[in-house]
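Enquirer: build me a model:
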Amino acid sequence: MDDLKHLAAQRDAHDPLASCRERFVLPEGLIYLDGNSLGVLPAHVPERVADAVSRGWGQQLIRGWNAEGWIDLPRRVGDRIARLVGADKGSVVCTDSTSVNLAKVLQAALAMVPERQVVLSDTGNFPTDLYIAQGQLGQSGQLRTVAHEDIAGALTDDVGVLMLTEIDYRSGRRHDMADLTARARALGIVTIWDLAHSAGAFPVELRQAGADFAVGCGYKYLNGGPGAPGFLYVRPALQDRVNSTLTGWLGHAAPFAFDPEYRPAAGIDRFRVGTPPILSMIALDAALDVWDGVNLDDVRAKSCTMGDLFIAAVETFADQYGVSLASPRDSALRGSQVAWQCPNGYAVMQAMIDRGVIGGFREPDIIRFGLTPLYLKYADVVAAAEVLGEILRDRTWNQPRFRARARVT
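Expert: Coordinates of the predicted model:
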């Protein structure tokens, strides 16, 4: 472990992203490896939100919709996110939650292929995506799921929509977006990508891949805060050809005409529904400032190297405690997290949190660690591995308080 600590120190000394750490509020004595669930607070966000409350809401009141530009915030924030996901301006809108956005784009996608009401996904997809598909398909369609590695072979001419999360929420395994999108398009299959664990974690190339639709959230790697609004993407060539079946007033061509008949707005705006949550959207908008001047290739390079270092550190002791790597060993095949199968994983993670190392747990036995290059140091992942080893060696996890399940795991 000493050699790995030395290597970590060397990499921290030459890290091009090291100064980004100062942009965040990092509690003293804490190693935070759960940014793939909830990102860290950017340091300037409280002031921006306080201003929005005291001056914007407090002084401008209803005038804020025009004077503060609140009405256009979903498009402005969407354009900022577009840069992070390889999309054109005007093709991303910040609105609603990931689940609601998925329901909207899934209905739009299914309407494009009315004779092929089969949605293909993988068995490890995040459950909410599968639930949304089940609800939207009802009795008229079919949700077909296969193992991650079997997706390409399951693309057949009766499938209408391919709906995948690019990064597996448990293992961090990565789908090849470009390859699967190309295969799907050759068969006339519409594609939807969930970028919940992609946006802000590494460069995403929606435009280059030719993806039709995408959704994502603002509170993980984008650091927008608990329950931050989500976003959705529609390929520019499709925007005026498809419609959302969730038709609210702000998706209308002229919301303030108060026309009793719905007419869809042009472009991406037709996927807006109701009044946006301005305070939380302002928090997300402010949080996106941390990406100014950041090279996403540097982010990806650090993420991969950090993951490799963490794997090497944990594997100095993993075998003797029955811990095994659940993520791909090849960094090109994983997102920005490393996961392990660990006996008594829930209790082990609670013991780690008690020691000031916060990661995540997913059923049945996965402990996972988000690698967020903007605010993590290489030394952090080696120190986290060391704490994990001590907890396993001393059986610190074997206490009733660590086994007691909280509502949120």
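Enquirer: mind listing the strands for this structure?
Expert: 31-32, 92-94, 118-122, 142-146, 161-165, 190-194, 213-216, 231-234, 324-325, 337-341, 357-358, 360-362, 366-370 (DSSP state E).
Enquirer: got the domain ranges for the chain?
Expert: As given by automatic domain parsing, the domain ranges for the chain are 2-43+294-403, 69-291.
Enquirer: could you dump those domains to JSON lines with mean pLDDT?
Expert: Listed next are the domains of the chain as JSON lines, based on pLDDT from 0 to 100:
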{"stretch": "domain 2-43+294-403", "mean pLDDT": "97"}
{"stretch": "domain 69-291", "mean pLDDT": "97"}
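Enquirer: please name whichever of these is nearest to residue 56.
Expert: domain 69-291 (7.8 Å; CB to CB). For every residue, glycine as well, the C-beta is placed using N, CA and C.
Enquirer: what's the span of that closest one from first residue to last?
Expert: Terminal residues of domain 69-291 lie 22 Å apart, using CA to CA, to the nearest Å.
Enquirer: just how off-centre is that domain within its chain?
Expert: 12 Å (CA atoms, centre = their mean, to the nearest Å).
Enquirer: residue 358 and residue 40, how far apart?
Expert: Remark: distance between residue 358 and residue 40 (CB to CB, to the nearest Å) = 10 Å.
Enquirer: joint contacts of the two?
Expert: Listed as contacting both residue 358 and residue 40 by CB atoms under 8 Å, 6 or more residues apart in numbering are residue 32.
Enquirer: which elements pack onto the longest helix belonging to the chain?
Expert: Longest among the helix segments of the chain by residue count, using DSSP state H, is helix 296-314. For helix 296-314, the elements it packs on are helix 2-13, strand 337-341, helix 378-394, judged by 3 or more CB pairs under 8 Å, 6 or more residues apart in numbering; DSSP states H and E.
Enquirer: the spatially closest residue to residue 307 that is not a sequence neighbour: neighbour count?
Expert: Leaving aside its sequence neighbours, residue 307 sits nearest to residue 338 (CB to CB, 6 or more residues apart in numbering; 5.0 Å). For residue 338, the neighbour count with other CB atoms under 10 Å is 31.
Enquirer: so residue 338 bridges to which residues?
Expert: Note on residue 338: beta-bridge partners residue 369, judged by DSSP bridges.
Enquirer: quick check: the gap between it and residue 391.
Expert: From residue 338 to residue 391 the distance is 17 Å (CB to CB).
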